[in-house]
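# here is my input, please return the structure:
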Amino acid sequence: MKNRAPASTHKKVVVLLLDRTSVKGYLNASGLGVAQAIDLLTTDGEHSSINLGDIKSVYFVREFDGPFELERKTFLSRPKLDGLWVSLRFSDGDSMEGMVSNNLLDLLDTGVQLTPPDIHGNISRVFIPRSALADVKVLGVVGAARRAARPARAARPALAGQSKLFGE
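Residues are numbered from 1 along each chain as shown. Got it, this is the predicted structure:
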């Protein structure tokens, strides 16, 4: 039996700061939003601690070379992913839409993790600290469990003239 090396927990991210500068590096996503600072391993191999209050957003990217700013910040039609469709307004006036898990307790933590409108782009997820947000609105619930089906209504009694129509 082969012993596999554990999967890397550090993901490629681009951290956009409130002063519009960005830092590229690797981040352990499991501790994101738990502490008041993130520990980023930069592409130069140095550790950098960044306070959540200085961060506008953290973009989880597929490649560092690709664009990290969202090309499309809103959905063109109703999203098909399950979850809450939200609209976010940042404290600097910028806004965007995304899908978050259908769990309001996740929104009460130190930040919001969402799936952006363009899931096929370079950005797979976005983390936004609560300190960078001015407003969060739920636009809709997508993929919610449907209500129980109503019991079928009893068939209407057949009219006297039609009762023999299909019985022959």
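
# would you mind finding the longest strand in this structure?
strand 133-142 (DSSP state E).

# from the contact counts, what lies against that strand?
For strand 133-142, the packing partners by 3 or more C-beta pairs under 8 Å, 6 or more residues apart in numbering; DSSP states H and E come out as strand 83-90. Where you see a C-beta, it was placed from the backbone N, CA and C, and this is true even at glycine.

# buried residues, the strand it packs on. List them.
83-88, 90 (16 or more other C-beta atoms under 10 Å).

# tell me the helix or strand right after that strand.
strand 95-100 (DSSP states H and E).

# which other helices and strands contact the lowest-mean-pLDDT helix or strand in the chain?
Sorting the helices and strands of the chain by mean pLDDT, DSSP states H and E puts helix 104-107 at the bottom, at a mean of 70. Taking 3+ C-beta pairs under 8 Å, 6+ apart as contact, there are no helices or strands that helix 104-107 lies on.

# residues in contact with the spatially most central residue of the chain?
Central residue of the chain (C-alpha atoms, centre = their mean): L114, 1.8 Å from the mean position. Listed by C-beta atoms under 8 Å, 6 or more residues apart in numbering, the contact set of L114 reads 86, 88, 98-100, 125-126, 128.

# same check on D82?
99, 102, 142-143 are the contacts of D82 under C-beta under 8 Å, 6+ apart.

# pLDDT at it, what is it?
Looking at D82, its pLDDT reads 87.

# what of R72?
83.

# and what of N3?
52.

# any regions of the chain where pLDDT drops low?
1-8, 107-108, 144-168 (pLDDT under 70).

# can you map out the strands along it?
10-17, 22-28, 37-42, 47-51, 55-61, 83-90, 95-100, 111-114, 123-129, 133-142.

# fine by me, thanks again.
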